[in-house]
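1. Okay, here's the prediction I keep looking at, along with the sequence it came from:
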Amino acid sequence: MKVELRAITKRFPGVVACDGVDLSVESGEVHALLGENGAGKSTLMNILFGLYQPDEGEILLDGAPLTARSPADAIAAGVGMVHQHFMLVPVFTVAENVMLGIEPTGALGRIDRAEARRRVVDLSDRYGLAVNPDAVIEDLPVGVQQRVEILKALYRDARCLILDEPTAVLTPGEIEELMGIIRQLAAGGRAVIFISHKLREVLTVADEITVLRGGKVVGNTTPAEADEAGLASMMVGRDVQLVVDKDVADPGDTVLAASDLVVEDDRGNTVVDGVSLEVRAGEILAVAGVQGNGQTELVEAVCGLRRPEAGRVTLDGRDVTGLGPDHLFQVGLAHVPEDRQRDGLVGSFPVASNLVLNQLRNAPFSRRGRIDRRAVRRHATRLVEEFDVRTPSVDAAASTLSGGNQQKVIIAREFFHARRLLVLSQPTRGLDVGSIQYIHRQVVAKRDEGAAVLLNSSELDEVLALADRIAVIYRGRIVGVVDRADASRELIGLLMAGAVDEAAEVAPEAGEEDEAVTVT
Amino acid sequence: MSTATTDAPTQPPAEPPDDGSGGGGGGGGEGSGRGAAFGAALWSRLRALANALLLPALALFTALVIGALVMIFTDPNTLNQWSSFFADPVGALKASWDLVSDAYGALFHYSLGTPEFFGRTLTEATPLALGGLSVALAFRAGLFNIGAAGQLVIGATCAGYVGFAFDLPAPIHLPLAVLAGFAGGAAWGSIAGVLKARTGAHEVITTIMLNYISYRVLDYALRSQRFRPPGRADLISRPVHDSARLPIIDVGDVRFHAGLFLAIAAAVAVWWLLERSTVGFRMRTVGANPFAARYAGMSVGAMYILAMVLAGGLAGLMGTVNITGRPSFTLTSGYYAFLGFDAIAVALLGRANPAGVLGAAFLFGVLRAGSTGMQANTDTPVDIIVVIQALIILFVAAPALVRQIYRIKAGRATGQSFTTNWGL
């Protein structure tokens, strides 16, 4: 099967999302579509999948024109898409989800579950997906849910498979596995289109790379010819520095100290089990861990959003255990939440309001309960400029901004009032290279001003780029604290997987005077 | 589904790489002076206003058209004409036209045609405006206040009791009655607010149940010696004393009671609270995204309680202007509770916006005031107005339907729907 997109153009009011884009993929090939947020990658794929109609251009499948008016047409033609946000019924089993909509039926319309199950097992084995057909979706980790989505497409006989930013939600281990699966899909004769903005992944898995910027194709290359720096500058349109420049930390007094924290999740399971850690002024402590090992709840407990069952949190020596977020803000804590759209922003509010969301009660934004709208606007205009937020105006609804710019709004707000402690949860998840680079620089600048930074990230690259010390969390416990100088990708990866003994072997020889790795 | 804006091309196209300064570029070109910016802001405001008015206007128009069809096909004489349509097509059309134009002509004549009728329209609109504000305020805080009816009944009961149980000079008596009405409604509304904040009980369920309880509370009060007029056994209260009645305002021949000023003042107050005060900002934040509100250190529960207290108070005022302004001045069983449901419709039509609520209340006032005159003079039953009101709300609640009918492209002028339509 050969899929060709020819001179595809799609306009939205005020923007040309795709501008004469050509793309061609063949069976057995992995074609990476690389570009920043807003480059038109998803729009292009939504056109191929029949969600949008192109204004100009045509789609050819094996030379025959395809007019997909809806996803149903595209699926019938053999195009499958795995979206970034899964479309699964959480309470159904894997097999039920996969067959949903095209259930094999026996006499009198009875659903032939055995047949569906057999086909799921068959496909799962053939492509090394290792999915239990009887597992219920909500019990499965995100990585496995994604494989169920891939199974759904294969079950519908997709010969061309589109994966939209598939690694954004995965842990480092799961990403490795997905790369293997993608190779197997291609080896099995499927054409795979892999959308991403992560250079390392693209270089690992792709046969061909097409780079989009501003809706146009700005480059075609292969992993053999390209390197990360070249791809990054092609994507962004200017030279990009991939390494964060920073001096060695010069830590001061302890700002945040958590001792023996025990925190439960919403279902009452103990997910943080006696964690103690310290963050000093002028240093970045990264809590590294695979998602779901308690770091989310740990951060919530530190930020006053979740009451710990036991233990103490102190800020500059003051006991702040159990204080609410409003109190903690007043003593100088700033928090960039993990789920930026849900917890960080009010999408329907203008950018200006979002920039003062937690500070409106303070002068100069209001006096005796009355909002000073000019002060709010002036502040917003200043921050938008200072933090390079790309928005048509400070009155634009936050939801109309791209993901990177939404995050910059939150960063601007929180960095502005961060005095002592800055807590960052997955600050660059899903963002493009340009935004990541920008945010990393800001974090280092804030550290150098003397703030204590607690970074919660499951991106190994980010942890290694920013941290001065790394605390690895595994199943609610800190299994090791490593100085950045002694941390290797391999060591942290092993600790994140809970392989403490192996980690001890690869750890650098502990010097005479200091203990580099504390494995507890 | 709204997959956020992961790859939606909302960013302006990438600027050309800047040569010298390494910054990301602070947006192209400074705005050309304040005048242009102000003009653009005014223009976008006007467009937003026109856009906001378009759908309700089309909803009203469509409802009137369908109302006309219902009239034609339920009127025996006109139907008769239609049965001989092929013999006399002009006759059938003329009969239909006459029927509809008479009915709507009467509707608007008896609501707007003379100063006297206009005064009645204003009087009808007054409680609806206060009730609409109640529902709108709660809605902006993320609460669907179905309980305006109950809050109205309790508010009217409190105001009425103060009105007939005491003998005081008017400058003290009337404000006291108004205060009692507000307090009664606020207390009743606060129950649902507290339940929501403390236990998470859904306000739709609790306010509906509180409505039923409020009717029985009033019935119980009406059985007591304190409420019952001497020598009466039925469920009716003593009339509110003159000193607690709203003064009648007479401008030209337009007569209405002073409750209208209360309603307008309330609309201004609600607007100021929501748009200009920090408390209102917190309320709106809780309404728009309770998660973000919590992360920003706001107390979501406290805002729910405050919103229900104020909404209840406004609904209480709706009852108050009714009992102290509507002739008879007596409480009866289930006292005007239906107005509490019309209030939901008014808030919906007014898009939970104080100015919109005033406009919607006026429109409903026209329909209510005009319908009795229409029935008396054209044999068109008042029930047709109920149908039209319901249709208006139906079309307002289903904007996609109206857009479909008039082939309007969805949300071109508003930033919000602008992007939501791009998602998956």
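-> It's in.
2. now B:L176, what's its secondary structure?
-> Reduced to three states with DSSP: H, G, I helix; E, B strand; the rest coil, the structure at B:L176 is helix.
3. Quick check: chain neighbours aside, which residue is closest to it?
-> Using Cβ to Cβ, 6 or more residues apart in numbering or on different chains and skipping residues adjacent in sequence, the residue nearest B:L176 is B:V162, 5.5 Å away. The C-beta positions use only the backbone N, C-alpha and C, and glycine is treated the same way.
4. my read: the one you found touches B:L174, true?
-> No. The pair B:V162 and B:L174 does not pass the contact test of Cβ atoms under 8 Å, sitting 9.5 Å apart.
5. What's the end-to-end length of stretch B:241-249?
-> 18 Å (Cα to Cα, to the nearest Å).
6. before we move on, what about stretch A:235-252?
-> 39 Å.
7. Tell me how far it lies from the chain's centre.
-> 20 Å (Cα atoms, centre = their mean, to the nearest Å).
8. where's A:R307 relative to B:G297, distance?
-> 15 Å (Cβ to Cβ, to the nearest Å).
9. Then A:P90?
-> 32 Å.
10. Between those two, point out the one with more neighbours.
-> With neighbours defined as other Cβ atoms under 10 Å in any protein chain shown, A:P90 and B:G297 compare such that B:G297 has more, 22 against 12.
11. Wait, that one touches A:N358, no?
-> Yes. Between B:G297 and A:N358 there is a contact at 5.3 Å, judged by Cβ under 8 Å.
12. Need the residues touching each of the two.
-> Both B:G297 and A:N358 are in contact with A:P325, A:D326, A:F329, where contact means Cβ atoms under 8 Å, 6 or more residues apart in numbering or on different chains.
13. Do I have it right that B:V135 meets B:A149?
-> No. B:V135 is beyond contact range of B:A149, at 10.6 Å (criterion: Cβ under 8 Å).
14. Count the neighbours of residue 407 for me.
-> Went with chain A since none was named. Using other Cβ under 10 Å: A:Q407 sits among 27 other residues.
15. actually it's chain B I care about, not the one you picked
-> As a burial measure, B:R407 scores 6 neighbours (other Cβ under 10 Å).
16. do you know how far it is from B:R226?
-> Taking Cβ to Cβ, one finds B:R407 at 61 Å from B:R226.
17. element containing the residue nearest to B:L176?
-> Per DSSP states H and E: B:V162 is located in helix B:148-165.
18. Enumerate the positions of that helix that are buried.
-> B:148-164 (16 or more other Cβ atoms under 10 Å in any protein chain shown).
19. Counting by contacts, list what it packs against.
-> Helix B:148-165 sits against helix B:115-140, helix B:170-199, helix B:203-223, helix B:300-325, helix B:338-349, with contacts defined as 3 or more Cβ pairs under 8 Å, 6 or more residues apart in numbering or on different chains; DSSP states H and E.
20. closest to B:V366 out of those helices?
-> helix B:115-140 (5.4 Å; Cβ to Cβ).
21. relative to helix B:170-199, how tilted is that closest one?
-> 30 degrees (axes from the mean of the first three to the mean of the last three Cα atoms, to 10 degrees).
22. chain center to helix B:115-140, what's the gap?
-> Distance, centroid of helix B:115-140 to centroid of chain: 7 Å (Cα atoms, centre = their mean).
23. does any part of that helix sit near chain A?
-> No. Looking at helix B:115-140 against chain A by Cβ under 8 Å from any Cβ of the partner chain, there are no contacts, and the closest approach is 11.2 Å.
24. and the residue in the stretch 101-250 of chain A positioned nearest to chain B, helix, strand or coil?
-> Closest residue of the stretch 101-250 of chain A to chain B, Cβ to the nearest Cβ: A:R238 (4.1 Å). At A:R238 the chain is in coil, as set by three-state DSSP.
25. Tell me, how many residues neighbour it?
-> 18.
26. Now it, what are its backbone angles?
-> Backbone torsions of A:R238, given as degrees, to the nearest 10, read phi -160, psi 170.
27. For A:G434, see how far away it is.
-> 9 Å.
28. rewinding a little: what is in contact with B:V162 and B:L174 at once?
-> Joint contacts of B:V162 and B:L174 (Cβ under 8 Å, 6+ apart) are B:A244.
29. which residues of chain A score low on pLDDT?
-> Under the criterion pLDDT under 70, the flagged ranges of chain A are A:169, A:240-242, A:508-520.
30. Centroid-nearest residue for it?
-> For chain A, A:R429 is the residue whose C-alpha lies nearest the centre (Cα atoms, centre = their mean; 3.1 Å).
31. so is that one in a helix, a strand, or just coil?
-> coil.
32. I'd say it and A:N456 touch.
-> No. With contact defined as Cβ under 8 Å, A:R429 does not reach A:N456; the gap is 10.6 Å.
33. Mind listing the shared neighbours of the two?
-> Counting by Cβ under 8 Å, 6+ apart, the shared contacts of A:R429 and A:N456 are A:E338.
34. got the angle between the helix holding B:V162 and helix B:338-349?
-> 130 degrees.
35. what's the angle between helix B:148-165 and helix B:300-325?
-> 50 degrees.
36. hey, C-alpha coordinates of helix B:148-165 in CSV?
-> Provided in CSV are the C-alpha atoms of helix B:148-165 (Å, rounded to 0.1, in the frame of the first residue of the first chain):
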residue,chain,number,x,y,z
ALA,B,148,-35.9,30.0,42.8
ALA,B,149,-39.5,28.9,43.3
GLY,B,150,-39.0,27.8,46.8
GLN,B,151,-36.8,30.8,47.7
LEU,B,152,-39.5,33.0,46.2
VAL,B,153,-42.2,31.4,48.4
ILE,B,154,-40.1,31.6,51.6
GLY,B,155,-39.0,35.2,50.7
ALA,B,156,-42.6,36.2,50.0
THR,B,157,-43.7,34.6,53.3
CYS,B,158,-41.2,36.5,55.3
ALA,B,159,-41.8,39.8,53.6
GLY,B,160,-45.6,39.3,53.8
TYR,B,161,-45.4,38.4,57.5
VAL,B,162,-43.4,41.5,58.2
GLY,B,163,-45.9,43.5,56.0
PHE,B,164,-49.0,42.5,57.9
ALA,B,165,-47.9,41.6,61.4
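37. where do the helices sit along the stretch 51-200 of chain A?
-> A:71-76, A:94-99, A:113-126, A:142-155, A:172-187, A:199-205 (DSSP state H, counting those that start in this stretch).
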